[in-house]
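A.B. asks: Provided below for reference: sequence and predicted model.
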Amino acid sequence: MEDFNKSRIMELPRSVVIGHNALQSIGDVARDLHLEGRGLIVADENTIRIAGEKAESLLTEKGYDIEVKLISEATMETVEDISNFIKSKRISFAMGVGGGRPIDIAKCSSHRTGIPFISVPTAASHDGIVSSTASISVNGRNKSIKTHSPLAVVADTTVIASSPHRLLAAGCGDIVANYTAVKDWRLARLM
């Protein structure tokens with residue numbers, strides 16, 4: 001039985017922007033959060049074209065100096081590479097643009113280096129866009145790594161709606177699975 005007398009801390013994003021053309025507000029979101037200095041966009045070769053280049057341009061227009069790192073896998077080696085890059089370039093904030101890999105790498109690397117992170121999802125199939133865990137391959141096995149939640153989420157539904165059908169369907173499947181998982185938990189608890 002769950003102890004409701006215990007305190008719990010829930011970490012949530014400070015700013016959530018969702019809607020058509022929400023990416024247009026990325027520079028204002030960064031300014032409103034008082035982010036300063038050099039930023040880093042973590043993306044892959046697809047998501048940089050889909051939303052990363054636009055985010056870079058919009059942030060640059062607002063006066064930010066933006067670095068871009070493309071990744072191909074979500075491994076601990078990639079986390080270490082990005083973390084070292086953050087330190088060497090004196091990055092002040094990171095942004096994960098994409099699905100699971102770029103967001104999880106940005107989330108984990110920013111947590112390791114103590115800088116804030118913004119989540120910019122490009123598909124509905126990744127349910128970790130606001131979570132405080134990252135799925136990272138460690139020695140060939142996926143592990144859930146404790147990190148921090150994003151400072152902000154900018155979810156452009158125009159971008160997400162134009163993702164491949166299989167990614168939209170997977171996202172819908174996640175929504176249904178999360179709903180039934182709660183029902184399954186309640187049933188198991190009663191039994």
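C.D. replies: Yes, it's here.
A.B. asks: ok, Arg38 touching Lys89?
C.D. replies: Yes: Arg38 is within contact range of Lys89, at 6.3 Å (criterion: C-beta atoms under 8 Å). Where you see a C-beta, it was placed from the backbone N, CA and C, and this is true even at glycine.
A.B. asks: could you pull out the strands for this protein?
C.D. replies: Along the chain, counting by DSSP state E, strands occupy 15-19, 38-43, 65-70, 91-98, 117-121, 133-138, 141-146, 152-156.
A.B. asks: buried deepest among these, which one?
C.D. replies: Highest mean neighbour count of the strands of the chain: strand 117-121, a mean of 29 (counted as mean count of other C-beta atoms under 10 Å).
A.B. asks: what mean pLDDT would you report for that strand?
C.D. replies: Mean pLDDT, computed over strand 117-121, is 95.
A.B. asks: can you give the distance of it from its chain's centre?
C.D. replies: Remark: strand 117-121 is offset 4 Å from the chain centroid, using C-alpha atoms, centre = their mean, to the nearest Å.
A.B. asks: how many residues are close by Gly37?
C.D. replies: Using other C-beta atoms under 10 Å, Gly37 is surrounded by 11 other residues.
A.B. asks: list the contacts for it?
C.D. replies: Counting by C-beta atoms under 8 Å, 6 or more residues apart in numbering, Gly37 touches 65, 90-93.
A.B. asks: let me have the residues you listed in TSV, extended by distance to Gly100.
C.D. replies: Putting the contacts of Gly37 into TSV (distance: C-beta to C-beta, whole Å) gives the following:
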residue	distance to Gly100
Asp65	27
Arg90	27
Ile91	21
Ser92	24
Phe93	20
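A.B. asks: closest to Thr147 out of those?
C.D. replies: Nearest to Thr147 out of the contacts of Gly37 is Phe93 (C-beta to C-beta; 14.6 Å).
A.B. asks: by mean pLDDT, point me to the weakest helix or strand of this structure.
C.D. replies: Lowest by mean pLDDT, DSSP states H and E among the helices and strands of the chain is helix 165-190, with a mean of 69.
A.B. asks: identify the contacts common to Arg38 and Lys89.
C.D. replies: What both Arg38 and Lys89 touch, as defined by C-beta under 8 Å, 6+ apart, is the set Glu67.
A.B. asks: got the contact list for stretch 54-68?
C.D. replies: So stretch 54-68 is in contact with 23-24, 26-28, 30-31, 35, 37-41, 43, 48, 52, 85, 89, 91, 95, 97, 120, going by C-beta under 8 Å, 6+ apart.
A.B. asks: can you give me the buried ones in stretch 51-59?
C.D. replies: 51-52, 54-56, 58-59 (16 or more other C-beta atoms under 10 Å).
A.B. asks: now, which of the residues you listed lie within helices?
C.D. replies: Mapping the buried residues of stretch 51-59 onto helices (DSSP state H) picks out 54-56, 58-59.
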